[in-house]
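Q: turn this into a structure:
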Amino acid sequence: MYRILGIFGSFLACSALLVWSVDATVGPEALERGSHGYVYRQFFDKILGDPTPAPRPLVVWMGDSTIMGNVRPSYPQLLRPSLLLQNTDSLVIAGAGFDAYVHYFLIGRVLELEPAVVVIVAHLSAFHPKGAIRAFTYNDAASYLLPSALPRTFLLPLAQRNLSPARLLLAQTLNFETPQQILFTAEGVRTLYEEAPFWEALGPPKAPSVFNPAFREAVRGYDIALTRRQATVQMLEATVRAVTEAGHVAVVIATPIPHETLLKRPWYDAATTQRRIDVIRDATRDAGGLFADLHTLLPQQEFADYGGHFGPVGAQRVADVVLPIVRRALRRAERAARARPRADAVAP
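A: As a prediction, the model looks like this:
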């Protein structure tokens, strides 16, 4: 018994010494480097940290890099002036590689803002499983799950993202400053280790496999079989259901893809792709949401690349098609709001 306690005590002492030495030597630098990889958390904390409902009707756009608008405005940015004229504000929550898992993790906090409409971008290539791609899983976003959503979340296909119930609960600790700093520091130490100069003695490093949307063969990412049991489809349905059950309107847009380039590939079949889009449509409608299929809307010259990002003309064309869809959703939200009993109404 004493031997076991001695071994355990030695392990704790060595661990404490290791943590102390790391913090004393590379701690500040590691914390700074690690936080760079999680800069999106600062964005989430800023826009979702205050659950005060918007003073006017709000449209929340949830998507991936195709609607971020960093390089050039995408259609949510182009539509904002038109929505403002209708006394409706808009908010874009998007990032490179965001998919239905990230949207589900955030949707509880989004609904605290009392949006009139939530528009979710369904990018066909984003339905690929990402369990083996550490840089784009965004599993830490599970910390934004509301505690009330945890029981039903345990029933969803979390294993696809290497998330067990225990890891999901552990992610909740990232809502506190100390665990978050530990995460950032650990990631920073990993980065400093991977970039350490002593690796140069072994020769040039292997170039990382990076998705390049300008590369023609990137279109292979659109070849993904979809069924209602596919994990990301289930997460999309769960996200839409969370919106509609809370009394809000959900719209899912099957975003345009470079279908003209895809038609030149021997493995591509337009009818098969349409059936896959129909799976997304059925999941959306069964959850009570509205669906818009725009996946063949744009010719290739109106894309900026092969990854589904839009050129100026393409973004404006999508905006022109999406605006009446959003207006219809806003009218539906207004009717639903009028039909709901007022909170201050006194029962007879």
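
Q: so which helix or strand takes in the closest residue to Leu294 other than its chain neighbours?
A: In this structure, Leu294 finds its nearest non-sequential neighbour in Pro256, 5.2 Å apart by CB to CB, 6 or more residues apart in numbering. In this view, the C-beta of every residue, glycine as well, is placed from N, C-alpha and C. Using DSSP states H and E, Pro256 sits in no helix or strand.

Q: leaving out chain neighbours, which residue sits closest to Pro157?
A: Ala231 (3.9 Å).

Q: that neighbour and Val252: what is the separation?
A: Noted for Ala231: a distance of 17 Å to Val252, by CB to CB, to the nearest Å.

Q: hey, which helix is longest across the protein?
A: helix 312-339 (DSSP state H).

Q: before we move on, the earlier item: what's around the residue nearest to Pro157, how many residues?
A: Neighbour count of Ala231, defined by other CB atoms under 10 Å: 19.

Q: local confidence estimate at Glu217?
A: Listed pLDDT for Glu217 reads 55.

Q: what does the one 3 residues further on give?
A: Reading off the confidence values, Arg220 has pLDDT 73.

Q: now Val233
A: Looking at Val233, its pLDDT is 97.

Q: which residue, other than its chain neighbours, is closest to it?
A: Nearest residue to Val233 in three dimensions, chain neighbours excluded: Ala283, at 5.4 Å (CB to CB, 6+ apart).

Q: tell me what the helix or strand harbouring that neighbour is packed against?
A: Ala283 is part of helix 270-286, with elements assigned from DSSP H and E. Judged by 3 or more CB pairs under 8 Å, 6 or more residues apart in numbering; DSSP states H and E, helix 270-286 is in contact with helix 231-245, strand 249-254, helix 259-262, strand 290-293.

Q: rerun at 7 Å
A: helix 231-245, strand 249-254, strand 290-293 (3 or more CB pairs under 7 Å, 6 or more residues apart in numbering; DSSP states H and E).

Q: can you give me the strands for the protein?
A: Using DSSP state E, the strands of the chain run over residues 58-63, 89-94, 117-122, 249-254, 290-293.

Q: of all these, which one is nearest Arg332?
A: strand 249-254 (5.2 Å; CB to CB).

Q: and the angle from that closest one to helix 270-286?
A: For strand 249-254 against helix 270-286, the angle by axes from the mean of the first three to the mean of the last three CA atoms, to 10 degrees is 170 degrees.

Q: could you check how far strand 249-254 is from the centre of its chain?
A: 15 Å (CA atoms, centre = their mean, to the nearest Å).

Q: and that strand, which strands flank it?
A: Strand pairing for strand 249-254, using DSSP bridges, gives strand 117-122 (parallel), strand 290-293 (parallel).

Q: out of those strands, which one sits most buried?
A: Mean neighbour count (mean count of other CB atoms under 10 Å) peaks for strand 117-122 among the strands paired with strand 249-254, with a mean of 27.

Q: who touches it?
A: By CB atoms under 7 Å, 6 or more residues apart in numbering, the residues outside strand 117-122 that reach it are 59-64, 66-67, 103, 110, 236, 239-240, 243, 248-255, 280, 326, 329-330, 333.

Q: the residue nearest to Ala336 when sequence neighbours are not counted - how many residues pack around it?
A: Nearest non-adjacent residue to Ala336, counting by CB to CB, 6+ apart: Gly247, 6.4 Å away. Number of residues near Gly247 (other CB under 10 Å) recorded here: 13.

Q: buried sites along stretch 222-235?
A: Buried residues in stretch 222-235, defined by neighbour count with 16 or more other CB atoms under 10 Å: 222-224, 226, 230-235.

Q: wait, doesn't Met68 sit right on Phe98?
A: No: look at Met68 against Phe98 with CB atoms under 7 Å: they stay out of range, at 9.2 Å.

Q: returning to what we had before: quick one: contacts for the residue nearest to Leu294?
A: Pro256 touches 294-295, 297-298, 308, 318, counting by CB under 7 Å, 6+ apart.

Q: cutoff 10 Å now
A: 66, 123-124, 293-299, 302-303, 308, 310, 314, 317-318, 321 (CB atoms under 10 Å, 6 or more residues apart in numbering).

Q: could you do Gln160 as well?
A: Contacts of Gln160 by CB under 10 Å, 6+ apart are 101, 129-131, 137, 230-232, 234-235.

Q: repeat that for Ala254.
A: Ala254 sits next to 121-124, 276-278, 280-281, 284, 291-297 when contact means CB under 10 Å, 6+ apart.

Q: export the strands of the chain to JSON lines and append columns for mean pLDDT and distance to Ala166.
A: Output for the strands of the chain, formatted as JSON lines (pLDDT from 0 to 100; distance: least, CB to CB, whole Å):
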{"stretch": "strand 58-63", "mean pLDDT": "97", "distance to Ala166": "27"}
{"stretch": "strand 89-94", "mean pLDDT": "95", "distance to Ala166": "27"}
{"stretch": "strand 117-122", "mean pLDDT": "98", "distance to Ala166": "29"}
{"stretch": "strand 249-254", "mean pLDDT": "98", "distance to Ala166": "30"}
{"stretch": "strand 290-293", "mean pLDDT": "98", "distance to Ala166": "35"}
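
Q: just put these in JSON lines and tack on distance to Ser74.
A: Shown next, in JSON lines, are the strands of the chain (distance: least, CB to CB, whole Å):
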{"stretch": "strand 58-63", "distance to Ser74": "9"}
{"stretch": "strand 89-94", "distance to Ser74": "8"}
{"stretch": "strand 117-122", "distance to Ser74": "10"}
{"stretch": "strand 249-254", "distance to Ser74": "12"}
{"stretch": "strand 290-293", "distance to Ser74": "16"}
